[in-house]
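> when you get a sec, could you give me coordinates for this:
(one chain, ligands or ions: 2)
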Amino acid sequence: MKTQRIAEILKSTTTDYDITVKGWVRTKRGNKNVAFIALNDGSCVGNIQVVVDLQKIQEEELKAVTTGSCIRVDGKLVKSLGAGQGVEVQAEKIEVYGTADPDTYPLQKKGHSLEFLRDIAYLRPRTNTFGAVFRIRHAMAYAIHKYFNDHGFYYWHTPLITGSDCEGAGAMFNVTTMDLNNLPRTEDGQIDYSQDFYGKPCNLTVSGQLEGELGALALGQIYTFGPTFRAENSNTPRHLSEFWMIEPEMAFYELEENMELAEDFLKYLIRYALENCREDLEFMNKMWDKELIERLEFVIKNDFVRLDYTEGIEILKASGRKFEFPCDWGCDLQSEHERYLVEEHFKRPVILINYPKDIKAFYMKQNEDGKTVRAMDVLFPKIGEIIGGSEREADYGKLTARVKELQMSEAELWWYLDTRRWGSAPHSGFGLGFERLLLFVTGMANIRDVIPFPRTPNNAEF
Ligand code: 4AD
Ligand code: MG
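Numbers count the residues shown, from 1 in each chain. Ligands and ions are numbered 1, 2, ... in the order given. Here you go, the predicted model:
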């Protein structure tokens, strides 16, 4: 017999039939006549109550049924007389698949801190909070594919190992098979990468965009959705060294259309969560963030503000606020600036555009003023930057000049520059940080708590 998932069983409108449930014991309580087992199988926040008549099943047999153990119960689904649940299982037979010694199993009592749970990330999916977070994570991944599929985009796979530094930030993890204790050298003492696996220096990708553009200039509209790696040493609640990014790239889109897509896409995802993850969101709202659902609803109902970087700077300077970092024209905005604009000044998401070229990547379309580029960052309450994107420089001459100016390697980027030699087209795209989206949707405050196994400086456990 196929095991029914507890989420389905709890919704059951019929009762009095034979049933098998399998799951992990959350709690066991009772008296000398009856025992109540709360069983969870990860399909929902709710547990199913298993009622054990101690006349039928000996107490001795229940000894191994402790918090954390995994059991199979055969019995009958009946209407529950108790409060809090519609149905429950009357046990006929219990089999213990795996015991959990109460003296060693770490998830004994309720109410562990998120920090403690991070240290036992291999077990935390068994808690209500992380069950909810990871079910929402799944739903968002599904919704992303659905959105793009429904809008005529193709899922495009870009390499994780590359020889290029898309963002030019240099925060990359090297990929090598060379013996680090005995590196081959060239005559002038440099490391001889010609002897390495790929015959040249390679790194884990910081973004799939450059190869994404190749896809867009052939298939028209593509998106990537995969892991990206950044070796920046930022220990913040919003940075991971391995995170997932969604990067749509569209031929014939200018910055305006890029902004429209970003806004529509984010609203779709949030609406999808509200409609499909209601129970988990309500749990997160109750436990972690009392304004979560209200905030999600607010964002889908209101237009995002669109604002020039230059105007943004003027607002920040006029605010009279003492910021930790400077906010003069030309400065990269820090999270405190972004959040001031979003949370205090406009009180809604902001798309900031036309940034100074010197703080943005080489590939962005240059504006006529010679100072700014057609960049756009989408700034969200509680998060700051959730999306970074731009219209791309489609002009071969201007792009090569910029590459030269930044002393980047034309020889490395030959294939990228070539797309501007043959059949170049206006095109745009953006990158959404998947975990930043999840911070917003789940109401969690630390990015380490929305990915099953976070990677941060000094932390690669599990
Ligand atoms: O702004 P970024 O660096 O843009 C790019 O990588 C472009 N190639 C995207 C594009 O136009 N196709 O990164 C995009 C987004 C950020 O807005 C942020 O949400 C997320 O990726 N992000 C991170 N998320 C977690 N940890 C980090 N260290 C992140 N760095 C960026
Ligand atoms: Mg950015």
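> which parts of the host helix or strand of residue 131 are buried?
Taking DSSP states H and E as the criterion, residue 131 maps to helix 128-150. By neighbour count on 16 or more other C-beta atoms under 10 Å, the buried set for helix 128-150 is 128-137, 139-140, 143-144, 147-148. Any C-beta I mention is one placed from the backbone N, CA and C, and that applies to glycine too.
> backbone dihedrals for residue 442, please?
Main-chain dihedrals, residue 442, degrees, to the nearest 10: phi -90, psi -20.
> does it really touch residue 283, like I thought?
No - applying C-beta atoms under 8 Å as the test, residue 442 and residue 283 come out as separate, 10.0 Å apart.
> thinking again about what came up before, what's the helix holding residue 131 in contact with?
Contacts to helix 128-150, defined as C-beta atoms under 8 Å, 6 or more residues apart in numbering, come from residues 40, 42, 44-45, 114, 117, 124-125, 154-155, 223, 225, 246, 248, 265, 268-269, 272-273, 276-277, 280-281, 283-284, 287-288, 434, 437-438, 441-442, 444, 449-452.
> could you pull up the mean pLDDT of stretch 72-87?
For stretch 72-87, the mean pLDDT works out to 91.
> end to end on it, go ahead and measure it.
End-to-end span of stretch 72-87 (C-alpha to C-alpha, to the nearest Å): 17 Å.
> same check on stretch 338-355?
13 Å.
> out of the buried residues of helix 128-150, who's near ligand 1?
With C-beta under 6 Å from any ligand atom as the criterion, the buried residues of helix 128-150 include none near ligand 1.
> out of those, which is nearest to residue 5?
For those, the minimum distance to residue 5 (C-beta to C-beta) is 11.9 Å, reached by residue 135.
> so how far is residue 4 from the closest one?
17 Å (C-beta to C-beta, to the nearest Å).
> how would you label residue 248: helix, strand or coil?
With DSSP: H, G, I helix; E, B strand; the rest coil as the basis, residue 248 sits in strand.
> quick check: bridge partners of it?
Counting by DSSP bridges, residue 248 is bridged to residue 223.
> tell me, how many residues neighbour it?
28 (other C-beta atoms under 10 Å).
> test my guess that it contacts residue 221.
Yes - contact criterion C-beta under 8 Å: residue 248 and residue 221 qualify, at 7.2 Å.
> identify the contacts common to those two.
By C-beta under 8 Å, 6+ apart, the residues touching both residue 248 and residue 221 are residue 153.
> so what's the most far-flung residue of the chain relative to its centre closest to, chain neighbours aside?
Ranked by distance from the centre of the chain (C-alpha atoms, centre = their mean), the top residue is residue 55, with 49.6 Å. Nearest residue to residue 55, sequence neighbours excluded (C-beta to C-beta, 6 or more residues apart in numbering): residue 33, at 7.6 Å.
> ok, residue 427 next?
Ranked by C-beta to C-beta, 6+ apart and with sequence neighbours excluded, the top spatial neighbour of residue 427 is residue 251, at 4.8 Å.
> coming back round to it: ramachandran coordinates for the residue farthest from the centre of the chain?
The phi/psi pair for residue 55 (degrees, to the nearest 10) is phi -80, psi -30.
> in stretch 87-105, which residues are buried?
Within stretch 87-105, judged by 16+ other C-beta under 10 Å, the buried ones are 87, 88, 89, 90, 91, 94, 96, 100.
> which one of these is nearest to residue 69?
For these, the nearest to residue 69 is residue 100 (4.5 Å; C-beta to C-beta).
> okay if I get the buried residues of stretch 87-105 as JSON lines plus secondary structure?
Shown next, in JSON lines, are the buried residues of stretch 87-105 (three-state DSSP):
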{"residue": "87", "secondary structure": "strand"}
{"residue": "88", "secondary structure": "strand"}
{"residue": "89", "secondary structure": "strand"}
{"residue": "90", "secondary structure": "strand"}
{"residue": "91", "secondary structure": "strand"}
{"residue": "94", "secondary structure": "strand"}
{"residue": "96", "secondary structure": "strand"}
{"residue": "100", "secondary structure": "coil"}
